[in-house]
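> predicted model follows, preceded by the sequence.
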2 protein chains.
Amino acid sequence: MTERLVVIGGDAAGMSAASQARRLRGPDDLEILAFERGTTTSYSACGIPYWVAGLVEERDDLVARSPEEFRQRQDIDVRTGHEVTAIDTDARCVRVRDLGTGTEADHGYDEVLIATGAEPLRPPVSGIDAEGVFGVQNLDDGERILDAVAARDPQTAVVIGAGYIGIEMAEAMLLRGLQVHVVELAEAPMVRMGPELGGRIAEEMRELGIHVHLGVPVEAVNRGADGWVSSVVFGGRELACDLVVLGAGTRPASGLAREAGIPVGPSGGIVTDRRQRTPVDGVWAAGDCAETFHRVSRQPVSIALGTIANKQGRVAGLNLGGAYGTFPGVLGTAITRICELEIALTGLDEDEARHAGFSPVTATVDSTTRAHYFPGAEPITITMVAERGTGRLLGARILGREGAGKRIDVLAMAVWNEMTVDELSQVDLSYAPPFSPVWDPVLRAARASASAVGAAG
Amino acid sequence: MTERLVVIGGDAAGMSAASQARRLRGPDDLEILAFERGTTTSYSACGIPYWVAGLVEERDDLVARSPEEFRQRQDIDVRTGHEVTAIDTDARCVRVRDLGTGTEADHGYDEVLIATGAEPLRPPVSGIDAEGVFGVQNLDDGERILDAVAARDPQTAVVIGAGYIGIEMAEAMLLRGLQVHVVELAEAPMVRMGPELGGRIAEEMRELGIHVHLGVPVEAVNRGADGWVSSVVFGGRELACDLVVLGAGTRPASGLAREAGIPVGPSGGIVTDRRQRTPVDGVWAAGDCAETFHRVSRQPVSIALGTIANKQGRVAGLNLGGAYGTFPGVLGTAITRICELEIALTGLDEDEARHAGFSPVTATVDSTTRAHYFPGAEPITITMVAERGTGRLLGARILGREGAGKRIDVLAMAVWNEMTVDELSQVDLSYAPPFSPVWDPVLRAARASASAVGAAG
């Protein structure tokens, strides 16, 4: 008998799962029905700021596979413009609204995968839902921002929050020729980079011509007569603007699950086991809406990232397809840039380490991406957090220019494998003058960290 | 009572050791006497091709610390232009020739560190010692090549061997405006990259205008009336040329040790334990002249690389300074480039794996360095060798353009930690469109390798 898999959400996690399940089970064995609220499937949400910036030309460049392709190549019944409004886990059915016609219908399932993604954090202030205030979650959001830029010729943009999306959208607005203000509640952008590196990011943003306002909450958003945003109030001042972008991060879009009685954890994400099963029979979750396990803190966390969504989706798909897969957890590795300044991190920062029960020791080194004498050698700063006593590497941060950021992957590998900084300092990494100093910055930082652990231990 | 450490060889290994020992023991406790045959200490031998190419301007750019600096800052008695000609391990003394005056003298030691480096392989053919045939081992070699280029206005260079130094020197000669011929005994350049990737390197070299002659031995080097090289004979033809560079690799300069009865291993390097002690009391060895342990094959190997020399020198220095350090072995990680083509490898290739007793399975993927739609996305090819059955990663090769090569370090970390390709495919590596596709090429290659291991296992 044919079973039916219903997938809620047509981006990375949902469609990775659908696709993987289909590779393992044919259409006679498994019917796959995927509902997507928006108009597109399997798009790169992380690419949206660069499309808005004009660095990526076409919306379609960001689409890995269209609904049509899923239908034709994989026999996956994708329905865009359809929103799942309720899940009945006893009756095993979902209620779906056709956003075009407004009609609703119930669809039964044998298994359902919740992959509803994340939603932008909105400061709880008046006017935050005004027209002209944009999240950056899906391609339709990007389209709306580009339409506004084209139609209204905005002069000034306010970006609320200086997290990843905040700084990427600040760059995008800058490249579009707008005056850009970034308003951040914390004392520095990219809070997880720490105050010292965060301060250098703020400095770089200011040198690029971005107005950076730190340590100030947004107090209100005002609208003009046409209902469109007209100004933002923060730190006791009112700044006239034509466009507002929400860049203060996201939270798991777990409301649908919560209303259906599916457990949601303290991080706001849906609870799953390592096979991506929720505690409710027949219900699975993957991607930004789900919790995941942090391998260093051993705590459940919610991290909205395409990599995690893709991997969790694949694991869910393996299991839904009758194979076996587990998701091993995350390190919170991330990378971004503000124009030419590369920003990357993995594992825990000092505060997070302390909070997780470690006694952390921090060390920082400045080096260059190539041999110091080689043309194109760029600065790189690496901060490492290691455990006092054992010397285990708990986390690292990188700030630098071209060739700096991606070195975080070497550190992610060290954190993943629970290596000590002493051992890391001895690893046989590659060297040639166009690629690194003879002691790669990673090795130098590990040596400095090993000394710090020893000295402090 | 003051002890005396004699260091033989003033480059990476020798001076790292001297410097580290000095940090731990003051001049009243340990006298350090270092003999260097050439004129410089602590130079970047790996930087010589780029200096010859004109990419690095000054000879001094390649010198990390001069003899004068060692004398003044660290009270290390460095004597350049002095060659150690014999070691008497019973009497604990070395015989030293002053290359300036030709006089010889004996110097006693309590501990001696042999750090004599490597010497270029010279095909055993007539004329190979002609003037105009250059090795690329030290700064004086580089100086001589540059002098020849300036004084003789050479039109054609022949590079014998297409290993690292061979292809780097081919680039250098090309940038100096010469016609360049590379003659390689094997069927492809960079033998350890395998025939498929090696073929692509040859293709790239030819596109750059380098004449590449593969599968042909050099048969003779001829001299002109002035004793300077005039032509090279290979594959039955005679090619007129003005300059010859030895680029066929190196062997440990272990002759001095061998003559002193210090054990030399099958790889040609001096035998040491993990603290860099030789089996002979009071005698230590580090760097290119010493053997090292390959962590995957578990065999002693000799690999001439500045990274290993620096690390071994530091370990020797820790122990000579009364502290404790061990060298954990190598993976054979290496990186180079021919103009814009980046070439990198770590661990074992398929043949080496088989030779070491593994049953290897190879998988290759092509990807891009950034999201495929992002400006500046460059091609990257990764080949992985994993063990059948366990899926343990044994080695990897990378070929690609900007941003490709340094990803080898992630793979070196995986090999170092004896990870399986399946686990590697799940590691939380960084992602943002300017830095990688959502599945980093490393993760994609690991997935392909995991499938191959499964399918073949």
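In hand now; what should we look at?

> count of neighbours near the closest residue to residue A:415 other than its chain neighbours?
The shortest distance from residue A:415 to any non-neighbouring residue, by C-beta to C-beta, 6 or more residues apart in numbering or on different chains, is to residue A:347 (4.2 Å). For the C-beta atoms, the positions are set from N, CA and C on the backbone; glycine is no exception. For residue A:347, the neighbour count with other C-beta atoms under 10 Å in any protein chain shown is 28.

> residue A:279 now?
Residue A:279 has 11 nearby residues by other C-beta under 10 Å.

> and the pLDDT at it?
At residue A:279, the model reports a pLDDT of 98.

> give me every residue that touches the residue sitting nearest the centre point of chain A.
Centroid-nearest residue in chain A, with C-alpha atoms, centre = their mean: residue A:305, separated by 3.2 Å. Taking C-beta atoms under 8 Å, 6 or more residues apart in numbering or on different chains, we find residue A:305 in contact with A:46, A:288, A:334, B:431.

> okay, it: pLDDT?
Residue A:305 is given a pLDDT of 93.

> distance check, it against residue A:210.
Distance, residue A:305 to residue A:210, using C-beta to C-beta, to the nearest Å: 24 Å.

> which non-adjacent residue is nearest the residue of the stretch 1-150 of chain A found nearest chain B?
Across the stretch 1-150 of chain A, no residue is closer to chain B than residue A:61, which sits at 3.7 Å (C-beta to the nearest C-beta). Excluding its sequence neighbours, the residue lying closest to residue A:61 (C-beta to C-beta, 6+ apart) is residue B:373, at 3.7 Å.

> so how far is residue B:433 from that neighbour?
Distance of residue B:373 to residue B:433, given as C-beta to C-beta: 7 Å.

> do the same with residue A:314
Per C-beta to C-beta, residue A:314 is found 20 Å from residue B:433.

> next: residue A:77.
On the measure of C-beta to C-beta, residue A:77 and residue B:433 end up 30 Å apart.

> for the closest residue to residue A:189 other than its chain neighbours, grab phi and psi.
In space, and not counting its chain neighbours, residue A:189 is closest to residue A:162: 3.5 Å by C-beta to C-beta, 6+ apart. The phi/psi pair for residue A:162 (degrees, to the nearest 10) reads phi -120, psi 40.

> count the neighbours of residue A:162 for me.
Residues near residue A:162, counting by other C-beta under 10 Å: 30.

> repeat for residue A:373
Residues contacting residue A:373 under the criterion other C-beta under 10 Å number 22.

> tell me the SS of it?
What DSSP: H, G, I helix; E, B strand; the rest coil gives for residue A:373 is coil.

> didn't it look like it was pressed against residue B:63?
No - using C-beta atoms under 8 Å, residue A:373 makes no contact with residue B:63, being 9.5 Å away.

> quick one: common contacting residues for those two?
Taking C-beta under 8 Å, 6+ apart as the contact rule, residue A:373 and residue B:63 both touch residue B:44.

> which ones are touching residue A:370?
Counting by C-beta under 8 Å, 6+ apart, residue A:370 touches A:376-378, A:403, A:433-437.

> overlap between the residues you listed and the residues near chain B?
Residues of those in contact with chain B (C-beta under 8 Å from any C-beta of the partner chain): A:403, A:433-436.

> just to revisit the earlier point, just the buried ones from the contacts of residue A:370, in ChimeraX syntax?
Provided next is the ChimeraX selection string for whichever of the contacts of residue A:370 are buried by 16 or more other C-beta atoms under 10 Å in any protein chain shown:
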select /A:377,403,433,434,435,436,437
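
> could you export the contacts of residue A:370 as a markdown table, including secondary structure and pLDDT?
A markdown table is the format used below for those (DSSP: H, G, I helix; E, B strand; the rest coil; pLDDT from 0 to 100):
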| residue | secondary structure | pLDDT |
| --- | --- | --- |
| A:376 | coil | 96 |
| A:377 | coil | 97 |
| A:378 | coil | 98 |
| A:403 | coil | 96 |
| A:433 | coil | 96 |
| A:434 | coil | 97 |
| A:435 | coil | 98 |
| A:436 | coil | 97 |
| A:437 | coil | 96 |
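
> ok, the contacts of residue A:370 vs residue A:21, which is closest?
residue A:403 (39.3 Å; C-beta to C-beta).

> got a list of what the closest one touches?
The contact partners of residue A:403, by C-beta under 8 Å, 6+ apart, come to A:369-370, A:378, A:380, B:403, B:406.

> same question for residue A:230.
By C-beta under 8 Å, 6+ apart, the contact set of residue A:230 is A:222-224, A:240-241.

> near chain B, which of these show up?
Among these, chain B is touched by none when using C-beta under 8 Å from any C-beta.

> give me the buried subset of those residues.
Buried subset of those (neighbour count, 16+ other C-beta under 10 Å): A:223, A:241.

> can you give me the domain boundaries for chain A?
Annotated domains of chain A cover A:3-119+A:251-320, A:122-248, A:340-456 [automatic domain parsing].
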